[in-house]
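Engineer: Okay, structure incoming, though there's no sequence with it:
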């Protein structure tokens, strides 16, 4: 394939135009080459702006760049869950992948629990790819690339960043470095824990997670982990915060959430976290982009169309309705 113009691809995506299937395949292959060279623990320096879950809310991603600054002028760390539930997962992950390939040192992408074949087949990304491209090929290109995403980032040797949380199998950072990450997320084990676990203020130790994967963990676990690794903060995403963020355990753990009006109905705020030299942290809170309301109407119309499907298609329609209802 002839060389492609990444800047032109980025401009096209920002204008809400899809890239061709062959072009996405080439971009994903080249991005895998970049990601393969990264460790399971990537070290970066501040200043850096940290972004939580986006979940296919493309217009809100554009709003994030408007508020936080465009790459490469701003360094970005994305904490995962780029796809599913929102109506524009293809556009979202396409833009982020192009930005990673164009500015590999300025854009960091962590793997979330939704960067998974199994999860995306249930929560919308697979269906969206087949609808927009007529086949699941684009879904396959992206989910293959997901296997190469790093599992964690450390900012200034002080802030441990991960999508979900901690693991009873991981006491020190070096234990993350030896995980075989180049595969589908397993149902259990340390890799699953990193993308699925959640803090629980009512617990001190680890406990079984109600999500069915990962663990919940309390203040004593965070304190011990930070002490053993010479750090002072855990930064993660993975949980809806109505105010856009939350801070727990005497400021030792933060959650950043970056999908406002989640699923086009939750009415929540969102935030990005700006980390400055010296460890200063500022949550920049924002509300949904105006297009968010249009997406809510579109999702409602899709439900009505599915309800009108014939009896002959009822099994298929029921499956599609289940996936689209996650938007509402």
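Structural biologist: Everything's here; your move. Note that the coordinates shown come from a computational prediction; the quantities given were computed from them, not determined experimentally. Numbering: from 1, shown residues only.
Engineer: What separation is there between residue 11 and residue 218?
Structural biologist: 47 Å (Cβ to Cβ, to the nearest Å). In short, each C-beta sits where N, CA and C put it, glycine included.
Engineer: Repeat that for residue 46.
Structural biologist: Counting by Cβ to Cβ, the gap from residue 46 to residue 218 is 28 Å.
Engineer: go on, residue 4?
Structural biologist: Counting by Cβ to Cβ, the gap from residue 4 to residue 218 is 49 Å.
Engineer: likewise residue 140?
Structural biologist: From residue 140 to residue 218 the distance is 40 Å (Cβ to Cβ).
Engineer: who has more neighbours, the two?
Structural biologist: residue 218 (18 against 15; other Cβ atoms under 10 Å).
Engineer: got a list of what the more buried one touches?
Structural biologist: Going by Cβ atoms under 8 Å, 6 or more residues apart in numbering, residue 218 touches 199-206, 249.
Engineer: Tell me the one of these nearest residue 175?
Structural biologist: Comparing the contacts of residue 218 against residue 175 with Cβ to Cβ places residue 206 closest, at 15.3 Å.
Engineer: which SS state does residue 226 fall under?
Structural biologist: helix (DSSP: H, G, I helix; E, B strand; the rest coil).
Engineer: Could you do residue 281 as well?
Structural biologist: strand.
Engineer: beta partners for it?
Structural biologist: Note on residue 281: beta-bridge partners residue 275, judged by DSSP bridges.
Engineer: now do the one 4 residues further on
Structural biologist: When bridges are taken as DSSP bridges, the partners of residue 285 come out as residue 271.
Engineer: Isn't it up against residue 269?
Structural biologist: Yes - counting by Cβ atoms under 8 Å, residue 285 does reach residue 269; the two are 5.4 Å apart.
Engineer: Name the residues contacting each of the two.
Structural biologist: Common neighbours of residue 285 and residue 269 (Cβ under 8 Å, 6+ apart) are 243-244.
Engineer: Looking at those two now, which is surrounded by more residues?
Structural biologist: More neighbours surround residue 269 than the other of residue 285 and residue 269, with 18 against 14 (other Cβ under 10 Å).
Engineer: Surely that one and residue 259 touch.
Structural biologist: No - using Cβ under 8 Å, residue 269 is not in contact with residue 259, being 10.3 Å away.
Engineer: what's the distance between residue 48 and residue 77?
Structural biologist: On the measure of Cβ to Cβ, residue 48 and residue 77 end up 5 Å apart.
Engineer: State the phi and psi torsions of residue 171.
Structural biologist: phi -110, psi -30 (degrees, to the nearest 10).
Engineer: So if I had to pick from residue 48 and residue 77, which one is more boxed in?
Structural biologist: Neighbour count, other Cβ under 10 Å: between residue 48 and residue 77, residue 77 has more, with 24 against 21.
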